[in-house]
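# Attaching a predicted model along with its sequence, questions to come.
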Amino acid sequence: MVEVALQICYVLFRTLFPHNRPDLTTYMVREADIDPDARPTQLSVEEFGRLSHVYKQLCDEIPGLYEYDYRSEENAFLWRTELHKLDI
């Protein structure tokens with residue numbers, strides 16, 4: 001398993017959204033103008049600010065997104081399966 005600090009941001013951001021909505025991750029990264037291959041330690045404070053702003057907009061627009069928890073019992077299995085496919 002790769003250390004969290006070495007994972008690309010895109011994979012980490014995917015956990016903010018239901019596993020069947022990878023389009024939301026792509027949208028967030030594109031709208032925030034973030035390099036999808038960047039590592040978390042490579043992002044600036046301004047980039048994190050832009051990501052937070054876009055994520056808040058999505059949460060305001062999509063009912064239930066703010067409450068979504070990928071670690072919940074019902075979602076944990078789906079994410080473990082999905083991340084295993086990515087060899088993370």
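It's in.

# Now the lengthiest helix in the chain - C-alpha only, CSV.
Looking across the chain with DSSP state H, the single longest helix is helix 45-61. C-alpha atoms of helix 45-61 as CSV (Å, rounded to 0.1, in the frame of the first residue of the first chain):
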residue,chain,number,x,y,z
VAL,A,45,-2.8,26.9,0.1
GLU,A,46,-4.5,28.7,-2.8
GLU,A,47,-5.1,25.4,-4.6
PHE,A,48,-6.7,23.9,-1.5
GLY,A,49,-8.8,27.0,-1.2
ARG,A,50,-10.1,26.6,-4.8
LEU,A,51,-10.8,22.9,-4.2
SER,A,52,-12.7,23.8,-1.0
HIS,A,53,-14.7,26.4,-2.9
VAL,A,54,-15.7,24.0,-5.7
TYR,A,55,-16.5,21.2,-3.2
LYS,A,56,-18.8,23.6,-1.3
GLN,A,57,-20.6,24.6,-4.5
LEU,A,58,-21.1,20.9,-5.4
CYS,A,59,-22.4,20.2,-1.8
ASP,A,60,-24.9,23.1,-2.1
GLU,A,61,-26.1,21.9,-5.5
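
# out of everything not next to it in sequence, what's closest to the residue nearest the centre of the chain?
Against the mean C-alpha coordinate of the chain, by C-alpha atoms, centre = their mean, the closest residue is residue 13 at 1.4 Å. Leaving aside its sequence neighbours, residue 13 sits nearest to residue 25 (C-beta to C-beta, 6 or more residues apart in numbering; 5.0 Å). C-beta: built from backbone N, CA, C; applies to glycine.

# gap between residue 23 and residue 48?
The gap separating residue 23 from residue 48 is 22 Å, by C-beta to C-beta, to the nearest Å.

# okay, now residue 44: neighbour count?
Number of residues near residue 44 (other C-beta atoms under 10 Å) recorded here: 10.
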